[in-house]
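Novice: Below are the sequence and a predicted model; questions follow.
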Amino acid sequence: MWRKLLRNALSNVTGTAIGLAVGFVTMPLVVHHLGPTQFGLWVLATGVVGYVGVLDLGLAPTLVNEAAALLAHDDAETHTRLDETTSTIYAVYAGLGLLAALGLAVVALGASRLFQVAPDDLATFRIVLLVVGVQTALGLPMSVWNGLLSGLQAFHVLNAIGVATTVARGALTIALVLTGHGLVALVGSSFAVTLAGWLAARACVHRRIAGLRVRLTGFRRARLREIGRFSIAMIVWTAAGATLHQLDRILIGIVLPVASLTTYEIGARLANYSRALLHSWLGIVMPATSALAARGERGRLRSLYLRTTRYLMTTYAGVVVLLLGFGGPLVRLWMGPGFEEGYVVMSLLLVGSLVQSQNVVAHVMLPGVGELRIFTIFMAIYPVVTAACAVTGILTAGLTGLAAGTATAMLVMESVFLVVVRRRLGVSLRRVLARCHWPVAKATLPAALWIVLLRLVTPVESWLALAVTGAVAGLVFLSAAWTGTLTPAERRAVSSALGERWRAATRAELPGEASC
């Protein structure tokens, strides 16, 4: 199990890192080419469409959970159930996608009354909103292919497709910017690349699951009732996530000028990049949890929870320390002068996400082991607290207050969650602190002290200085994490796995599992 999890985790992190690198390169080009207002329109449209995710009805994670459990038993009956379950979700998604497209059309028509969009920009905003909306609406039924690949735990395939589409999207973006094309062309090219990725995922699924039949006529009401209880919990989870990560952009569009979205998005984008690295681990946890729960292996479930939480917290804490230490020079070098408030926004959101990192594994595992009641209650309260804090923050202190309010909501809710949910997983709070928090502190404290020393004696005024000082701090963190976070047995296992990969690479052998 751990070898497969390591492969999937490395695959996810690699795919995420490449995506972040492409986004990091293209964002300043797009911002300076379009200008703050046009880019703000794109951000606002994306934020509005983000709420379409609520129409997912929790079926995407449900499909991953069901597929992992069914594929753990290879027989004709389970394959039939998989066909029916997937077809049912596919049919529901098709109807929801149509509903989403109609709803976004209504929002586009009423945009002048809902948001602070200038009359000259209304036509562009409506086109962008509709294009992004159609992409999202089609993405609902097409997401079943990614769900099945996740249920197969074939994350190396998912990430190979993701990397290909990300690189293609980035190349097209640069080409369009250099040739003077506008916002509508950029959004349309992104849609085309995404469609190609969906088709590739579909081909890989059919190659790996022989005889799979997914069709609209395969809808079964009985299957929908069976997965309903799990899906209700996932609906609440999706709504909470949409509120936590999209509400800030909607509030800015309602309260402040659209151009303010660009300043906020610079800081939020860096925080989201770090969170993407955090969430790149999540996909491997749910199918592994479902498979272990289906076999009744409670001891291995607790081990999975403690170890993955420790790995995840360590990874994210290292990223946060580096961004807090070098974020100011990074924003200045990346975007130019005039976006200093973006660093403040980033720092506040990073603190909230760091607190959240201690619980994200539990967020995913609880539904996988059937602990839905406490999970659903918690996630139902989350968006209420987030909305209250965010609205209070933006009305009292603008962009900085909005970021502070969002971070405060995460701090309050995740602190409560840390105390309550450990009991559901059969792990004491003392054990969590000893096995997860203390090793993370040992890994990050040396790096934090080293960054403070570097910033006192070394000015960071160029990309070269930033790269050198960041690399030194990164090496300090990796050294401390290797000795302070990993156990001797884990260090031996990692060294053995990396050695095997190296020997395979030097013999020019291509692992057969890397293909569809």
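Specialist: Nice, thanks for sending it over.

Novice: What helix or strand is residue 258 located in?
Specialist: Under DSSP states H and E, no helix or strand contains residue 258.

Novice: What's the local residue count around it?
Specialist: The number of residues packed near residue 258 is 22, by other C-beta atoms under 10 Å. All C-beta spots, glycine's among them, are computed from the backbone N, C-alpha and C.

Novice: residues in contact with it?
Specialist: 37, 40, 41, 44, 115, 116, 117, 118, 121 (C-beta atoms under 8 Å, 6 or more residues apart in numbering).

Novice: Then residue 213?
Specialist: 83, 87.

Novice: What values do phi and psi take at it?
Specialist: When read as degrees, to the nearest 10, the backbone of residue 213 gives phi -130, psi 110.

Novice: Now do it, the pLDDT please.
Specialist: Per-residue confidence (pLDDT) for residue 213: 79.

Novice: just residue 332 next, same as before
Specialist: Looking at residue 332, its pLDDT is 90.

Novice: I'd like the distance from the host helix or strand of residue 263 to the chain centre, please.
Specialist: For residue 263, the enclosing helix or strand under DSSP H and E is helix 260-279. Computed by C-alpha atoms, centre = their mean, to the nearest Å, the chain-centroid distance of helix 260-279 equals 11 Å.

Novice: Give me the buried positions along that helix.
Specialist: Buried positions in helix 260-279, judged by neighbour count with 16 or more other C-beta atoms under 10 Å: 260-279.

Novice: Stretch 441-452 too?
Specialist: Buried-residue list, stretch 441-452, by 16+ other C-beta under 10 Å: 441, 443, 444, 446, 447, 448, 450, 451.

Novice: circling back to that earlier point, what about burial for the contacts of residue 258, which qualify?
Specialist: Burial by neighbour count, 16+ other C-beta under 10 Å: within the contacts of residue 258 this picks out 37, 40, 41, 44, 115, 116, 117, 121.

Novice: Work out the gap between the helix or strand encompassing the first one and the centre of the chain.
Specialist: Under the assignment given by DSSP H and E, the secondary-structure element containing residue 37 is helix 36-50. Between the mean C-alpha point of helix 36-50 and the mean C-alpha point of its chain there is a distance of 19 Å (C-alpha atoms, centre = their mean).

Novice: could you give the angle of that helix to helix 260-279?
Specialist: Orientation check (axes from the mean of the first three to the mean of the last three C-alpha atoms, to 10 degrees): helix 36-50 against helix 260-279 gives 50 degrees.

Novice: any idea of the mean pLDDT in helix 36-50?
Specialist: 78.

Novice: Find the residue ranges of the stretch 301-450 of the chain scoring beneath the pLDDT cut-off.
Specialist: Scanning the stretch 301-450 of the chain for pLDDT under 70 picks out the ranges 367-372.

Novice: average pLDDT for stretch 251-260?
Specialist: For stretch 251-260, the mean per-residue pLDDT is 85.

Novice: buried set for that stretch?
Specialist: Quick answer for stretch 251-260 (16+ other C-beta under 10 Å): 251, 252, 253, 256, 258, 259, 260.

Novice: what does stretch 420-430 give?
Specialist: Within stretch 420-430, judged by 16+ other C-beta under 10 Å, the buried ones are 421, 422, 424, 425, 427.

Novice: residues in contact with that stretch?
Specialist: Stretch 420-430 is contacted by residues 298, 301-302, 305-306, 359, 362, 365-366, 369, 371, 374-375, 378, 418-419, 432 when judged by C-beta under 8 Å, 6+ apart.

Novice: which of these are buried?
Specialist: Buried subset of the contacts of stretch 420-430 (neighbour count, 16+ other C-beta under 10 Å): 301-302, 305-306, 359, 362, 365-366, 369, 371, 375, 378, 418, 432.

Novice: can you list those in TSV and add distance to residue 479 and secondary structure?
Specialist: What follows is the buried ones among the contacts of stretch 420-430, written out as TSV (distance: C-beta to C-beta, whole Å; DSSP: H, G, I helix; E, B strand; the rest coil):
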residue	distance to residue 479	secondary structure
301	32	helix
302	29	helix
305	27	helix
306	23	helix
359	27	coil
362	29	helix
365	30	helix
366	34	helix
369	36	coil
371	38	coil
375	37	helix
378	37	helix
418	28	helix
432	25	helix
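
Novice: Hmm, residue 125 and residue 184 touching each other?
Specialist: No - taking contacts as C-beta atoms under 8 Å, residue 184 lies outside contact range of residue 125: 10.5 Å.

Novice: which of these two has more neighbours?
Specialist: Ranked by neighbour count (other C-beta under 10 Å), residue 184 and residue 125 place residue 125 first, with 25 against 13.

Novice: all helices for the stretch 301-450 of the chain, in order.
Specialist: Ranges of helices in the stretch 301-450 of the chain, per DSSP state H, counting those that start in this stretch, are 340-356, 360-368, 372-421, 429-432, 438-457.
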